[in-house]
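# turn this into a structure:
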Amino acid sequence: MIPKDHREFYELDMATGWETPEGYPEGIKQKILSGSLDEKNKTGSRTRVLTIAPGTYTIEPFEHEYWEEVFLFQGDLRVGNDAQGEGGETFKALTYAVRPPGSPHGPVASDNGCTVFEIHYFDPDDRPA
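Below is the predicted model:
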């Protein structure tokens, strides 16, 4: 497993270090806080902040081979919208989801924008022997 660095409380620079994750629309940005996730070798973990700009949406469901924990701490997030960004169930700030590997979810949209805190990780116990 790729270890995370030990870092005590420090101020985050929220003005720099943002990027659009591969395969996501331009209105979605991530800032990696710690760790590294190796999806090919199914190892590691990653902690990130993800922002979705108002009116941004994805059109395909997500499914991945790692655990995902998502804490919506600002704004609104709709899950299950159609290809035009309409419909789905809306969640407000201070809601949480945890998904085991292989769980389909999304697509996602945000009407007013949102910020989520995510942790992604591979559990060695989930790998085939």
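# residues near residue 55, how many?
Neighbours of residue 55 under the rule other C-beta atoms under 10 Å: 12. C-beta coordinates here come from the backbone N, C-alpha and C atoms, glycine included.
# let me fix that: residue 77
The local packing of residue 77 (other C-beta under 10 Å) involves 27 other residues.
# tell me if I'm right that it and residue 50 touch.
No. Using C-beta atoms under 8 Å, residue 77 is not in contact with residue 50; the gap is 10.0 Å.
# what sits in contact with each of those two?
Residues touching both residue 77 and residue 50 (C-beta atoms under 8 Å, 6 or more residues apart in numbering) are residue 116.
# quick one: contacts for residue 63?
Per C-beta under 8 Å, 6+ apart, neighbours of residue 63: 102-105.
# mind redoing it with 6 Å?
residue 104 (C-beta atoms under 6 Å, 6 or more residues apart in numbering).
# strands of the protein, start to end?
Ranges of strands within the chain are 28-38, 43-52, 67-79, 89-92, 95-99, 108-109, 114-121, based on DSSP state E.
# and the angle for the first one with strand 43-52?
Strand 28-38 and strand 43-52 meet at an angle of 180 degrees, taking axes from the mean of the first three to the mean of the last three C-alpha atoms, to 10 degrees as the criterion.
# list the buried residues in strand 28-38.
By 16 or more other C-beta atoms under 10 Å, the buried positions in strand 28-38 come out as 28-31, 33, 35, 37.
# quick check: mean pLDDT of it?
Mean pLDDT, computed over strand 28-38, is 95.
# from the chain's centroid, how far away is it?
Centroid displacement of strand 28-38 relative to its chain, using C-alpha atoms, centre = their mean, to the nearest Å, is 9 Å.
# can you tell me which helices and strands that strand packs against?
strand 43-52 (3 or more C-beta pairs under 6 Å, 6 or more residues apart in numbering; DSSP states H and E).
# CA atoms of the strand it packs on as PDB?
Output of strand 43-52 as PDB, limited to C-alpha atoms (Å, rounded to 0.1, in the frame of the first residue of the first chain):
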ATOM      1  CA  THR A  43      -3.600  -0.300  -4.100                       C
ATOM      2  CA  GLY A  44      -3.400   2.900  -2.100                       C
ATOM      3  CA  SER A  45      -5.800   5.600  -1.000                       C
ATOM      4  CA  ARG A  46      -6.600   9.100  -1.900                       C
ATOM      5  CA  THR A  47      -8.300  12.000   0.000                       C
ATOM      6  CA  ARG A  48      -9.600  14.900  -2.000                       C
ATOM      7  CA  VAL A  49     -11.900  17.800  -2.100                       C
ATOM      8  CA  LEU A  50     -14.200  18.000  -5.200                       C
ATOM      9  CA  THR A  51     -16.200  21.000  -6.300                       C
ATOM     10  CA  ILE A  52     -19.000  21.000  -8.800                       C
END
